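Q: sequence unavailable; structure follows:
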């Protein structure tokens, strides 16, 4: 349990997908204009991440790794399907994104319209794919650790976009030099927030 908590905290604050790796920047910058839409997209990212990372872990362990298909019989013990990992990960992510899109369209049409094209673009959000790739790279030992990483990475991304949206809503009432209005000041704020999150690197877990 302690290890799972450590992975979750680290993935939210230290290995934050936005502020540490700058993954998923396109939708992060485009949708963070209001807190409401940011919360909606952040929740969608959390849902997709917490489903796709464990599913991709199971597919890696029991289908794609060298010898993973040995449970089918001796003739499959030398099969290596790891070269298909990118395709499998993206297919899983696309399927979950489609499910999220259908649910949001049915139960919250206003949020669906607010998110626009950026909702289906979760399927190609590099932060989502990064969650599965980092899971593979870090070689987590069990499904509990993978769930903690999936939840933490999604929550960290959601925390980042909601925080930026809150700042951008307040900036509407401030005087900003014309050349910096819009995306310019947003890049500066994102950089400053990234520097702030670097302070968490001193945490010993």
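A: Great, that's in hand. A quick note: this is a predicted structure, and the numbers were derived from the prediction, not measured.
Q: drop to CA atoms for contacts and neighbour counts, all remaining ones
A: Fine.
Q: which parts of the top helix by length along the chain are buried?
A: With secondary structure taken from DSSP state H, the chain has its longest helix at helix 143-171. By neighbour count on 16 or more other CA atoms under 10 Å, the buried set for helix 143-171 is 145-168.
Q: setting aside sequence neighbours, what's the nearest residue to residue 78?
A: In this structure, residue 78 finds its nearest non-sequential neighbour in residue 67, 5.2 Å apart by CA to CA, 6 or more residues apart in numbering.
Q: read off the pLDDT value for that neighbour.
A: We have a pLDDT of 84 for residue 67.
Q: state the distance from it to residue 127.
A: Plainly put, residue 67 is 29 Å away from residue 127 if you go by CA to CA, to the nearest Å.
Q: comparing the two, which residue is more hemmed in?
A: residue 127 (24 against 17; other CA atoms under 10 Å).
Q: contacts only, for the more buried one.
A: 17, 18, 23, 24 (CA atoms under 8 Å, 6 or more residues apart in numbering).
Q: and for residue 100?
A: Contacts of residue 100 (CA under 8 Å, 6+ apart): 44, 47, 48.
Q: who are the neighbours in contact with the nearest residue to the last one once chain neighbours are set aside?
A: I take that to be residue 48. Of all residues not flanking residue 48 in the chain, residue 96 sits nearest, at 5.9 Å (CA to CA, 6+ apart). Applying CA under 8 Å, 6+ apart to residue 96 gives the contacts 48, 51, 52.
Q: which helix or strand contains residue 96?
A: Assigning secondary structure by DSSP states H and E places residue 96 in helix 85-107.
Q: what lies in contact with whichever helix or strand comes after that helix?
A: The element immediately downstream of helix 85-107 (helix or strand, assigned by DSSP H and E) is helix 109-115. Here helix 109-115 makes contact (CA under 8 Å, 6+ apart) with 31, 37, 40, 41, 101, 104, 105, 119.
Q: and the helix or strand that helix 109-115 is followed by with helix 85-107, angle?
A: The helix or strand immediately downstream of helix 109-115 is helix 126-138, counting by DSSP H and E. Between helix 126-138 and helix 85-107, the angle comes out at 140 degrees (axes from the mean of the first three to the mean of the last three CA atoms, to 10 degrees).
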